[in-house]
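Enquirer: Need coordinates for the below:
(chains A, B and C)
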Amino acid sequence: MTHIESGVGHVRVEVTAGSSEEARALADAAVDARLAACAQISGPITSVYRWEGSIHADEEWRIVFKTADDRLAELTALLVDRHSYEVPEIVAVPVEGGNPEYLAWVTESTRPRP
Amino acid sequence: MTHIESGVGHVRVEVTAGSSEEARALADAAVDARLAACAQISGPITSVYRWEGSIHADEEWRIVFKTADDRLAELTALLVDRHSYEVPEIVAVPVEGGNPEYLAWVTESTRPRP
Amino acid sequence: MTHIESGVGHVRVEVTAGSSEEARALADAAVDARLAACAQISGPITSVYRWEGSIHADEEWRIVFKTADDRLAELTALLVDRHSYEVPEIVAVPVEGGNPEYLAWVTESTRPRP
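Expert: Next comes the predicted model:
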């Protein structure tokens, strides 16, 4: 099954977490559930945002998932459920190309178990 | 107000800066002006580019902003104005999904002050 | 020549490599061949994936290229050819805006040599 034959598109999904341990737990859960083909954790990063009128900065970690777009809704649901934040950042951008063999692997790796 | 009700889309905007201090100043300025909901600073990174025929590599920092697409033009103008580079890298990619509650927060956080 | 006049779009291309040395060699090769205007290397990152039924984690480096979309196929071919992995991750997302002067520089920097 190739990306083109299957007609499945792909997304790059960016998530932040408050510790490297939480990032790793979310990465493991999503990949184990076949809701993402891979997850890449980087950090620490400095997150800047406004809260009650003033600017705050926190240390966070970033997770980048690659998955098929027909798995995005279920991936989002799993992450929202497992995440310690009430409203976690989960931001998906469309993949429009790249290595077709790699994208075929992403599709295959995210098919639900029969 | 939700992302869908409001009809506002979102973008992920990547910017580079020559120091962590400059990255932090740009992040603070954009979030304070409600031109981005959040900014995430990471680095150092190694930037490779061609200049006058040979390959150069510099240490830089990366800032990733999340904002509403109706604020992108003004965010870009602020960053170009404040940045120490003559032609700073500012690259926006479209957000096509993710956590709807998070995207609604991005929209709300970037509405101009009345 | 500007981005708008030229009609060329742009992509953000993410690649992973097993060492900082390999990441740097791929970055240099692509920029030198005018297949990308710039490359940014960051890491180490932790890559999580499933292999033969269990979850694995490896240390990797990430390269982010900015290029014109009419150069993506050739950039992908060069990276697949030079990469030590059999099926390297190469994932392109569309650029929908940003600093027009920067995007014009990306276009100019990636025109094939006459």
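Enquirer: what stretches of chain A score poorly on pLDDT?
Expert: Across chain A, the ranges flagged by pLDDT under 70 are A:1-6.
Enquirer: for chain C, what are the nearby residues on it?
Expert: Residues of chain A lying close to chain C (C-beta under 8 Å from any C-beta of the partner chain) are A:10, A:12, A:24, A:27-28, A:31-32, A:34, A:37-42, A:64, A:66, A:93-99, A:101-103, A:105, A:109. C-beta: built from backbone N, CA, C; applies to glycine.
Enquirer: Mark which of those are part of strands, please.
Expert: If you go by DSSP state E, these have A:10, A:12, A:38-42, A:64, A:66, A:93-94, A:97-98 in strands.
Enquirer: which bits of chain A sit near chain B?
Expert: So far as C-beta under 8 Å from any C-beta goes, chain A lies against chain B at A:11, A:13-14, A:16, A:42-43, A:45-50, A:55, A:57, A:60, A:62, A:72, A:76, A:79-80, A:87-94.
Enquirer: 7 Å - rerun?
Expert: A:11, A:13, A:42, A:45-50, A:55, A:62, A:72, A:76, A:80, A:87-94 (C-beta under 7 Å from any C-beta of the partner chain).
Enquirer: what's the distance between residue A:10 and residue A:52?
Expert: 38 Å (C-beta to C-beta, to the nearest Å).
Enquirer: ugh, wrong one, I meant residue A:64
Expert: Distance from residue A:64 to residue A:52, by C-beta to C-beta: 30 Å.
Enquirer: filter the residues of chain A next to chain B to the buried ones?
Expert: For the residues of chain A next to chain B, a burial check counting by 16 or more other C-beta atoms under 10 Å in any protein chain shown picks out A:11, A:13, A:42, A:45-50, A:62, A:72, A:76, A:80, A:88-94.
Enquirer: Distance of residue A:109 relative to chain B?
Expert: Taking C-beta to the nearest C-beta, to the nearest Å as the measure, residue A:109 falls 20 Å from chain B.
Enquirer: cool, and residue A:82?
Expert: Taken as C-beta to the nearest C-beta, the span from residue A:82 to chain B is 13 Å.
Enquirer: where do the helices sit along chain A?
Expert: A:3-6, A:20-32, A:72-82, A:100-109 (DSSP state H).
Enquirer: who's in contact with the longest one?
Expert: Residues from elsewhere that reach helix A:20-32, judged by C-beta atoms under 7 Å, 6 or more residues apart in numbering or on different chains: A:15, A:17, A:36, A:38-39, A:41, A:43, A:61, A:63, A:65, A:75, A:78-79, A:82-84, C:48-50, C:55.
Enquirer: For that helix, list every residue counted as buried.
Expert: Buried residues in helix A:20-32, defined by neighbour count with 16+ other C-beta under 10 Å: A:22, A:23, A:24, A:26, A:27, A:29, A:30, A:31.
Enquirer: Just give me the residue right at the centre of chain A.
Expert: residue A:65 (3.3 Å; C-alpha atoms, centre = their mean).
Enquirer: What distance do you get for it to residue B:113?
Expert: Counting by C-beta to C-beta, the gap from residue A:65 to residue B:113 is 35 Å.
Enquirer: try residue A:34
Expert: 45 Å.
Enquirer: Among those two, which residue is more densely surrounded?
Expert: Taking neighbours as other C-beta atoms under 10 Å in any protein chain shown, residue A:34 and residue B:113 compare with residue A:34 leading, 19 against 5.
Enquirer: Pull the contacting residues for the more buried one.
Expert: A:109, A:110, A:111, A:112, A:113.
Enquirer: Once you drop chain neighbours, what's closest to the fourth one?
Expert: Same thing as residue A:112. In this structure, residue A:112 finds its nearest non-sequential neighbour in residue A:34, 6.3 Å apart by C-beta to C-beta, 6 or more residues apart in numbering or on different chains.
Enquirer: my guess is residue A:57 meets residue A:44, correct?
Expert: No - using C-beta atoms under 7 Å, residue A:57 is not in contact with residue A:44, being 11.4 Å away.
Enquirer: anything in contact with each of these two?
Expert: By C-beta under 7 Å, 6+ apart, no residue touches both residue A:57 and residue A:44.
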